[in-house]
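>>> just the structure for this:
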Amino acid sequence: MWGLLAIGAFALALVGWIYNGLVSTRLRTREAWSAIDVQLQRRASLIPNLVESVKGYATYERETLRKVTEARGALGAATNPREAARANDDLSGALRSFFAVAEAYPDLKANERFAQLQSDLADTENKIAFARNYYNGAVELYNTKVQSIPGVFLAGLFGFAPAEFFMAEPQAAAVPGSI
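Numbering: from 1, shown residues only. Model prediction:
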């Protein structure tokens with residue numbers, strides 16, 4: 001009788017330990033995602049100021065500004081890491097085009113406000129890269145617990161599903177504004 005109680009108590013403690021491990025890694029993954037989200041929001045908040053700083057240059061390409069604005073909107077509407085990564089890549093491409101066109105305007109490049117915004121944007125891009133690395137590390141740890149023994153036996157039972165990595169397209173490796 002005491003032996004069965006001891007085995008039952010051990011099994012219950014083991015289930016609790018596994019469950020708590022899954023919860024803590026899921027929370028770390030969510031916290032890491034919030035770090036990415038903060039940087040993506042910071043980046044998105046810089047875009048209107050950047051666009052506004054170039055509107056005074058009448059010959060500046062309106063199509064480029066439109067693409068940047070649309071890409072910013074898509075990033076704000078993203079609801080999961082896959083959508084956010086795709087929208088982030090689109091915004092990075094639009095910003096690369098934006099800064100490539102800006103190279104043709106020496107007065108714009110010399111504008112102090114534009115230069116500061118460009119610097120802030122490059123800094124934010126670096127912070128996004130660091131946050132993405134942290135998030136993907138947290139996802140790897142969480143997914144390992146969810147998909148390996150003993151966690152795999154309880155993950156499905158308690159509703160733990162693997163998390164998505166935040167993957168950037170290869171062309172997104174170049175930091176916008178560093179042209």
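>>> then the one helix or strand in the chain whose mean pLDDT sits lowest to CSV, C-alphas only?
Taking mean pLDDT, DSSP states H and E as the measure, the helix or strand of the chain with the lowest value is helix 106-110, at a mean of 74. Output in CSV follows, covering the C-alpha atoms of helix 106-110 (Å, rounded to 0.1, in the frame of the first residue of the first chain):
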residue,chain,number,x,y,z
PRO,A,106,22.6,65.0,-52.0
ASP,A,107,20.5,67.6,-50.1
LEU,A,108,18.4,64.8,-48.6
LYS,A,109,21.5,62.8,-47.5
ALA,A,110,22.9,66.0,-45.9
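>>> how long is stretch 92-112 end to end?
End-to-end span of stretch 92-112 (Cα to Cα, to the nearest Å): 22 Å.
>>> run the chain-centre distance for it.
24 Å (Cα atoms, centre = their mean, to the nearest Å).
>>> and if you look at stretch 22-37?
Computed by Cα atoms, centre = their mean, the chain-centroid distance of stretch 22-37 equals 12 Å.
>>> these two touch, right, R43 and A122?
No. Counting by Cβ atoms under 8 Å, R43 stays clear of A122, with 10.5 Å between them. All C-beta spots, glycine's among them, are computed from the backbone N, C-alpha and C.
>>> these two: who's more crowded?
Just comparing R43 and A122: by other Cβ atoms under 10 Å the higher neighbour count belongs to R43, 23 against 16.
>>> which of the helices or strands spans the closest residue in space to that one that isn't next to it in sequence?
Leaving out its chain neighbours, the residue that sits closest to R43 by Cβ to Cβ, 6 or more residues apart in numbering is T124, at 4.7 Å. If you go by DSSP states H and E, T124 is part of helix 112-147.
>>> next, the buried residues of the helix or strand that that helix is followed by.
Counting by DSSP H and E, the element after helix 112-147 in chain order, helix or strand, is helix 151-155. In terms of neighbour count (16 or more other Cβ atoms under 10 Å), helix 151-155 has its buried residues at G151, L154, A155.
>>> just to revisit the earlier point, chain center to the helix holding T124: distance?
Taking mean C-alpha positions (Cα atoms, centre = their mean), helix 112-147 and its chain are 6 Å apart.
>>> after the helix or strand containing W33 comes which helix or strand?
In this structure, W33 sits in helix 2-54 according to DSSP H and E. Counting by DSSP H and E, the next helix or strand C-terminal to helix 2-54 is helix 62-77.
>>> which helices and strands sit right next to that following helix?
Contact here means 3 or more Cβ pairs under 8 Å, 6 or more residues apart in numbering; DSSP states H and E; on that basis helix 62-77 packs against helix 2-54, helix 81-102.
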